[in-house]
Structures are given as structure tokens and as C-alpha cells.
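Peer 1: heads up, no residue letters with this:
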């Protein structure tokens with residue numbers, strides 16, 4: 001992040017304007033968590049939260065991905081999470097994917113693919129069984145298999161190409177009870 005960002009978020013002796021800005025950002029988390037506010041207000045607040053360091057908002061953002069929150073709000077949270085460079089985001093999102101509904105799950109996968117440096121961790125999660133290859137769409141698989149890093153591309157081909165149809169069938173089977 002830039003020097004300006006660091007000054008706005010971590011400077012121990014900020015000017016008064018920065019102090020007010022930080023207060024607004026801190027207040028945003030309360031707005032995002034307040035279910036009496038409109039969806040638009042909560043989504044705007046989530047966008048502001050994304051300006052804060054990940055470590056300071058991890059718990060608050062994660063709490064918005066629980067059951068009972070609207071899909072659109074959860075998708076906004078995942079969009080913000082996807083922009084963070086923190087390595088912990090990958091593990092957090094991968095851990096959430098199995099508990100998310102189909103629409104939100106797609107947003108989670110999109111969040112993972114925002115940053116190319118996450119590809120090795122995504123492949124690790126697929127290989128360990130923490131992430132179902134059937135959750136990746138064709139474009140995501142293609143991006144992984146055409147990676148400039150030849151070793152990663154070969155690994156992606158090995159993990160994602162064979163049996164792809166069977167993995168998709170497993171995803172459909174997982175949701176069958178919800179559809180009936």
C-alpha cells in the first residue's frame with residue numbers, strides 16, 4: 001500500500017483530518033453490522049471498511065459472512081476481502097466456501113481469483129480437499145492452467161482437468177436436497 005494509505009491508517013500522530021477520517025472508517029464497521037440499516041448503507045460501509053488494514057477488520061468482515069445475512073451483503077464483503085493482499089484472506093475464504101450458498105460461493109471463488117499470487121494456495125486447497133474443484137468455473141480453471149509459471153500450470157492441469165465432470169456432479173449432488 002502507498003505511503004498515503006499508511007499515513008491514513010497507521011500514523012501514530014496524524015493530523016486532525018486524518019483522525020476524523022479514521023473515526024469514520026471505524027464507524028463503518030458498526031454500520032455494516034447494523035441489520036436495521038438498508039442494504040445500500042451496509043454495502044457502502046463495507047466498501048469503506050476495505051480501506052482499513054485487514055488485521056483490524058478480519059473479525060468484523062467474517063461476522064458478516066454468517067448465516068442470516070443477505071446474499072448481496074455477503075457478496076460485497078467477499079468483494080472487499082478479495083482486494084486485500086494479506087495471505088490470510090486465502091485461508092479465510094477457502095474455509096468459508098463449503099458453508100456458503102451457490103451465489104455467494106461463486107463470489108467467494110471470484111474473490112480468491114482477484115490476485116494471481118493466490119493461485120498456489122488455491123491449488124494447495126484443491127489438492128488437500130479443502131476446496132472442491134467443481135467450485136471453480138471454466139474461466140478460473142483456464143487461468144490456472146495457462147499460468148505463466150510452468151510448474152503451477154502443470155499442477156493445475158493435473159489437479160483440475162481430469163475428472164472435472166465428476167466434480168461438477170458432486171457440487172450438483174450437494175445442492176440437490178436444497179433444490180427439491
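Peer 2: Right, received. Where do you want to start? Treat the numbers as computed from the prediction; the structure is a model and nothing was measured. Residues are numbered from 1 along each chain as shown.
Peer 1: what is the least confident helix or strand in the protein?
Peer 2: helix 164-179 (a mean of 58; mean pLDDT, DSSP states H and E).
Peer 1: so where's this protein shaky on pLDDT?
Peer 2: For the chain, the stretches with pLDDT under 70 are 1-2, 4-9, 162-180.
Peer 1: quick one: the helices in the protein?
Peer 2: With helices called from DSSP state H, the chain shows them at 3-10, 16-33, 39-49, 54-63, 71-83, 88-96, 102-112, 119-128, 138-145, 150-160, 164-179.
Peer 1: the fourth one to helix 39-49, inter-axis angle?
Peer 2: Between helix 54-63 and helix 39-49, the angle comes out at 160 degrees (axes from the mean of the first three to the mean of the last three CA atoms, to 10 degrees).
Peer 1: in helix 54-63, what's buried?
Peer 2: 54, 57, 58, 60, 61 (16 or more other CB atoms under 10 Å). C-betas here are computed from N, CA, C, even on glycine.
Peer 1: now for these: which two are most distant?
Peer 2: 54 and 60 (10.8 Å; CB to CB).
Peer 1: one step back: in JSON lines, list the buried residues of helix 54-63 along with distance to residue 122.
Peer 2: Shown next, in JSON lines, are the buried residues of helix 54-63 (distance: CB to CB, whole Å):
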{"residue": "54", "distance to residue 122": "18"}
{"residue": "57", "distance to residue 122": "23"}
{"residue": "58", "distance to residue 122": "20"}
{"residue": "60", "distance to residue 122": "25"}
{"residue": "61", "distance to residue 122": "20"}
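Peer 1: sounds good, over and out.
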